[in-house]
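1. Just need the structure, nothing else, for what follows:
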Amino acid sequence: MDAEDLAGRVQDGELRLHELEQHADPDVAAEARRLLLTEETEADLDAVGAYTFDAADAEPNVENMLGAAQVPMGVVGPVRIDGGAVDGAKYLPLATTEGALVASVNRGCAAIRAADGATARVLKNAMTRAPVFRVADVGEASEVASWVRDNVGTLAEAAESTTNHGELRDVTPYVVGDNVFLRFAYDTKDAMGMNMATIATEAACDVVTDETPAELVALSGNLCSDKKPAAVNSVQGRGRTVAADVEISRDVVESYFKTTPEAIAEANTRKNHVGSAKAGSLGFNAHAANTVAAAFLATGQDIAQVVEGSNAITTADVRDGDLYASLTIASLEVGTVGGGTKLPTQAESLDVVGVRGGGDPAGSNADALAEVICTAALAGELSLLGALASDHLASAHEELGR
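-> Numbering: from 1, shown residues only. Predicted structure coming up:
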């Protein structure tokens, strides 16, 4: 059928929106949805329909496809990074609609470049899934928790039978009355790994229910914790726990930020630490989520997981008259294979960073991406703190017409 026929059959009630791909190729199905919406809402969807990839390629990523959202993309860098997985100067594409963001991050990158680069390391890699089980009482809960601690190897065998790449690193029991939560933590290599962890955990849960009195209630019990602000991720991490730091001379601080190391350190303490504590925030940073979100959009990450990506702490101190600054992101969930990383513009962005696909050794590409994003986010922190310390924030936005 052509697009008009499909749209007409939906309007007549013969087909539902999600059934169109059963009667036409995905691009025709998307066109039919646009025709239907144009007629019913009077919206002009020409721009939405002007995408450059085959709709079939997007089938694993979206349902009821009608087109694509185009977000302006800029680039920051190069910035030199001494990392555990990356070494050398790197660019990072950022997709955003927030004027001045790319300029701000790029100013921070220039300052880091003038300081001979930053250091970055992935400190931990553990994607989590935490099912919740029902038990009769706390005595039975204790029995289940003890069994789990003694049989992590058995659970690992079951979990790892579902994947060629994932490795179970740990299982931690938590008891709340007649609830037992098991927080499984996996090394998912170059994949972000949420689906991998879910499938592997389901297999492990079968063993738990076979060998203990516990009854599975939900495969995710929110102690994971995915796409929600959570203290457990601040403390234990999720995905990549990554840090970056830099020492910038007083001259460079004054040249690039028009302020002093002391002023930036004080702004960081009073804003990011005291202000965040008073607010009850889980993130003690200026705007790390800004860079994380823009990098996620550009490189095909799960956008909702910017929630965990904002879970970061910025520090700033004066060392012998110079500025030392760091950013530690507790739960940066990134991958270079799977999900949205296979879409054309996102794959090209990963090529810019040099981390497309699986790394050698496995996991090294995702580690490198995490180090680059963290360093760029540190650059964004420095730039915003510098603007606040020099009272240039409003004038910068005004000058750029934002």
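
2. Which residues are in contact with the residue nearest to Lys228 when sequence neighbours are not counted?
-> Nearest residue to Lys228 in three dimensions, chain neighbours excluded: Val307, at 6.3 Å (CB to CB, 6 or more residues apart in numbering). Using the backbone N, CA and C atoms, a C-beta is placed for each residue, glycine as well. By CB atoms under 8 Å, 6 or more residues apart in numbering, the residues touching Val307 are 227-229.

3. What of Phe296?
-> Listed by CB under 8 Å, 6+ apart, the contact set of Phe296 reads 302-303, 305-306, 309, 334.

4. Surely Ile373 is in a helix?
-> Yes. Assessed with DSSP: H, G, I helix; E, B strand; the rest coil, Ile373 lies in a helix.

5. residues touching it, list them.
-> So Ile373 contacts 92, 242, 291-292, 295, 332, 334 (CB under 8 Å, 6+ apart).

6. repeat that for 10 Å
-> Listed by CB atoms under 10 Å, 6 or more residues apart in numbering, the contact set of Ile373 reads 92, 94, 120, 240, 242, 244, 288, 291-292, 294-296, 299, 301, 309, 329, 332, 334, 353.

7. just Asp351 next, same as before
-> Applying CB under 10 Å, 6+ apart, we find Asp351 in contact with 93, 357.

8. secondary structure element for it?
-> Asp351 is part of helix 344-353, with elements assigned from DSSP states H and E.

9. Could you point out which of the contacts of Val307 is nearest to Arg250?
-> Nearest to Arg250 among these is Pro229, at 36.5 Å by CB to CB.

10. which residue sits closest to the closest one, ignoring its sequence neighbours?
-> Nearest in space to Pro229, with sequence neighbours left out and distances taken as CB to CB, 6+ apart, is Leu282 at 5.0 Å.

11. what does Asn268 give?
-> Ala316 (3.9 Å).

12. Bridged to the one you found, which residues?
-> Beta-bridge partners for Ala316, by DSSP bridges, are Ala325.

13. Against Ala267, how distant is it?
-> In this view, Ala316 and Ala267 are 8 Å apart by CB to CB, to the nearest Å.

14. Just the buried positions in the helix or strand where the residue nearest to Lys228 lies, please.
-> Assigned by DSSP H and E, Val307 belongs to helix 306-309. For helix 306-309, burial by neighbour count (16 or more other CB atoms under 10 Å) applies to 306-309.

15. Repeat that for stretch 248-255.
-> Going by neighbour count (16+ other CB under 10 Å), the buried part of stretch 248-255 is 248-249, 252-253.

16. which of those sit farthest apart?
-> By the measure CB to CB, Ser249 and Val253 form the most distant pair in the buried residues of stretch 248-255, at 7.0 Å.
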